[in-house]
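Peer 1: give the three-dimensional model of this entry:
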Amino acid sequence: MVFRLAMSWALAGVLAAQEWPVYGGDAAGTKYSPLDQINRTNVAHLKPAWTFHTGELRQGRKDPKRFAFETTPLAVDGTLYLTSSFSRLIALEADTGKRLWTFDPKINADRFRQTLVNRGAAFWTDGRRKQIFLATLDGRLFSIDASTGEMDRGFGKGGWLDLRDGVADRYPGKPYGMTSPPAVYKDLVICGSMVSHREPRGPAGDVRAFDARTGRLVWSLHTVPRGGEFGSSTWEGESWKNRTGAEARAGFSVDVERGIVYVPLASPAADFWGSDRKGPGLFSDSLVALHAATGERLWHFQTVHHDIWGYGLPAAPTLVTVKRSGAAVAAVAVVTKTGFTFVFDRVTGASLFDIQERPAPPSQIPGEQAAATQPFPVKPPSFARQSFRPDELTNFTPESRAYCAKLLEKAVLGNVYTPVGPKPTVLFPGANGGASWGGASFDPETRTLYVNSTDVGMLVRLIRQAEGSEVSFRPRGSGTVGSRFWDAELYPCQKPPWGWLTAIDLDTGEFRWRSVLGGGDISAQGGTQTGAPNFGGSIVTAGGLIFIGATSDRRFRAFDKDTGKELWAAELPASAHATPMTFVGKKTRKQFVVIAAGGDNEHEDDISDALVAFSLPAGQ
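Peer 2: You can find the predicted model right below:
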């Protein structure tokens, strides 16, 4: 009997290694796969195996530019589960890409939203039932039978919950929803949210856990603490009241063994102006460790004090194991928009590298009190540009240089924590710079963290609003193409490279290597390897490979994980601003690598709804 149980557990482990059952590959968010059928020796032969189109681009919507197809599918028991731009849940036969069923929550796609996007779903099983949890852009949570696509009528209101209940009741007209999947811990479904940061007050950014069977609320965390709660004193007066922002829009990572969920929180509202919320403002911009069963706060660390830049944590943290004095240490690594990597002991929250509180510049805006210091990790080094000098002005083309030089004529050149003032200010990284929502991947064999990043600054100033406005100063881009520091063709205004893939040794805090990421057609035009702005993430495999799309050049690439050398690239129907995944087909026994190629809805002309699967041809 014991032998039979051991064999059963071993088989379950093998099957799990061949699947992709969680958005980040596993609950720890490592985005690592032990598969090695595709490896350094044969990756050059990788070819498209099948392509699936959601069909949403053919549905006559008014503005396809708002589409953002950025899903990372789940692979469970021979089926792929993906989400579409319209929050549809689609099941495919994993080996062939054949559609099995579709569940449509019927969001109002004609209602204005900045972006129509849904990046994935969550899988839960109690050993008997298998359910997919779908969170939507309009703030609903559905429990769907993984086999049939039917709602579980015993969950919530006949199969779904209205996530607005209890957090957005006072603000029926303000947006509230989810773009990242919930996390699953035992029989709990843990949900974050996405809210607007335009106004100071609005729906709460609370993190909540619901019973996976019934939908009953089990616990909640007030991410902006209320009167008398721990952290409320970090908001001057009662500025915490009805404060929106500080939400967990990027998803979570879970230490299943220790029962801890790690929550990355966004900046407080309103962005760029904080005179009505003086003080550090916990738990905005913080990594918070919670007891997953109860929501009890175990520890936290705030990465930016009194955020007036929109530097909130962009991605779920990565649970890693590193070595200190020869001993293994369970740690959590979080990458930021500012280009910093913070690494903490998972249990105690102690930093594994020194962090210094360094003086930061004051604000020039009346009434604003910028934080006097900001935290700087001594190691690892920043993986993103944090300043700009006039001699670093682009020379990509004469036209680009002339355009960008004109932008600089009256601009203030700041650093990462220079408060934006009434004059146009150049800041690196920009609000979309450094790491993005794709986060990092981790190789447990070499204890290396891989992070892709963008070097695009912002050029912005603050404009005084009319007397009596709820927000006294609002940001305004000073270029002709918004707040980003780039030219009329959307090329960054500093000399390239503009995109990087960085390998960080988490034992030492040093870079193993850095590779320019992307460029494609624009590199050929400018005669240099430019790199490219990138959104999305990477995965790493036991085959010695890093797979990544992300770049705005329609390419999907594989790199050698040890050297950073590009080994393979394929052109896609559109740029792949998504995180890929990999699995072994239940029928073919072939390893597939899958990426969503949706295009960049803000900055590119090529938009698609294609999910593309790659595998090795017969004989390879």
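Peer 1: phi, psi of the spatially most central residue of the chain?
Peer 2: In the chain, the centroid-proximal residue (C-alpha atoms, centre = their mean) is residue 437; its distance is 1.7 Å. Main-chain dihedrals, residue 437, degrees, to the nearest 10: phi -70, psi -10.
Peer 1: wait, it touches residue 194, no?
Peer 2: No. Using C-beta atoms under 8 Å as the test, residue 437 is too far from residue 194 to be in contact (10.7 Å). For every residue, glycine as well, the C-beta is placed using N, CA and C.
Peer 1: let me see the ranges of the strands in the stretch 501-620 of the chain.
Peer 2: Remark: strands assigned in the stretch 501-620 of the chain by DSSP state E, counting those that start in this stretch are 510-516, 538-541, 545-548, 555-560, 566-571, 581-584, 591-597, 610-615.
Peer 1: checking my notes, residue 28 in a helix, right?
Peer 2: No. Looking at residue 28 with DSSP: H, G, I helix; E, B strand; the rest coil, it is coil, so not inside a helix.
Peer 1: nearest spatial neighbour of it, chain-adjacent residues omitted?
Peer 2: Leaving aside its chain neighbours, residue 28 sits nearest to residue 319 (3.6 Å; criterion: C-beta to C-beta, 6 or more residues apart in numbering).
Peer 1: how about residue 175?
Peer 2: residue 196 (5.2 Å).
Peer 1: before we move on, back to that, my guess is the residue nearest to residue 28 meets residue 29, correct?
Peer 2: Yes. Counting by C-beta under 8 Å, residue 319 sits close enough to residue 29 to count as a contact (6.3 Å).
Peer 1: higher neighbour count, those two?
Peer 2: Set residue 319 next to residue 29 and count neighbours by other C-beta atoms under 10 Å: residue 29 wins out with 29 against 24.
Peer 1: who touches the nearest residue to that one once chain neighbours are set aside in this structure?
Peer 2: Distances taken as C-beta to C-beta, 6+ apart put residue 253 closest to residue 29, at 3.9 Å, once the chain neighbours are dropped. For residue 253, the contact set (C-beta atoms under 8 Å, 6 or more residues apart in numbering) comprises 24, 27, 28, 29, 183, 261, 262, 316, 317, 318, 319, 332.
Peer 1: residues contacting the second one?
Peer 2: Residues counted as contacts of residue 27 (C-beta under 8 Å, 6+ apart) are 183, 184, 185, 253, 254, 255, 256.
Peer 1: so can I have TSV of those showing distance to residue 226 and pLDDT?
Peer 2: Listed next are the contacts of residue 27 as TSV, based on distance: C-beta to C-beta, whole Å; pLDDT from 0 to 100:
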residue	distance to residue 226	pLDDT
183	24	98
184	28	98
185	25	98
253	26	98
254	26	98
255	28	98
256	30	98
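Peer 1: could you identify the buried members of those?
Peer 2: 183, 184, 185, 253, 254, 255 (16 or more other C-beta atoms under 10 Å).
Peer 1: so who does the second one touch?
Peer 2: Listed by C-beta under 8 Å, 6+ apart, the contact set of residue 184 reads 22, 27, 122, 123, 124, 133, 190, 212, 254.
Peer 1: switch to 7 Å and redo it
Peer 2: Contact analysis of residue 184 by C-beta atoms under 7 Å, 6 or more residues apart in numbering lists 122, 124.
Peer 1: can you confirm it is in a helix?
Peer 2: No. Residue 184 is assigned strand when assessed by three-state DSSP, not a helix.
Peer 1: for it, which residues make a bridge with it?
Peer 2: residue 189 (DSSP bridges).
Peer 1: and if you look at the fifth one?
Peer 2: Counting by DSSP bridges, residue 254 forms beta bridges with residue 261.
Peer 1: surely it touches residue 188?
Peer 2: No. If you go by C-beta atoms under 7 Å, residue 254 and residue 188 don't touch, sitting 9.8 Å apart.
Peer 1: helices and strands around the longest strand belonging to the chain, which ones?
Peer 2: In the chain, ranked by residue count with DSSP state E as the criterion, the top strand is strand 327-335. If you count contacts as 3 or more C-beta pairs under 7 Å, 6 or more residues apart in numbering; DSSP states H and E, strand 327-335 packs onto strand 318-324, strand 341-345.
Peer 1: can you pull the buried residues of that strand?
Peer 2: For strand 327-335, burial by neighbour count (16+ other C-beta under 10 Å) applies to 329, 330, 331, 332, 333, 334, 335.
Peer 1: how about those in JSON lines, adding distance to residue 344 and pLDDT?
Peer 2: Below are the buried residues of strand 327-335 laid out as JSON lines (distance: C-beta to C-beta, whole Å; pLDDT from 0 to 100):
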{"residue": "329", "distance to residue 344": "10", "pLDDT": "98"}
{"residue": "330", "distance to residue 344": "10", "pLDDT": "98"}
{"residue": "331", "distance to residue 344": "6", "pLDDT": "98"}
{"residue": "332", "distance to residue 344": "5", "pLDDT": "98"}
{"residue": "333", "distance to residue 344": "8", "pLDDT": "98"}
{"residue": "334", "distance to residue 344": "8", "pLDDT": "98"}
{"residue": "335", "distance to residue 344": "13", "pLDDT": "98"}
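Peer 1: from these, which is closest to residue 385?
Peer 2: Nearest to residue 385 among the buried residues of strand 327-335: residue 335, at 15.0 Å, using C-beta to C-beta.
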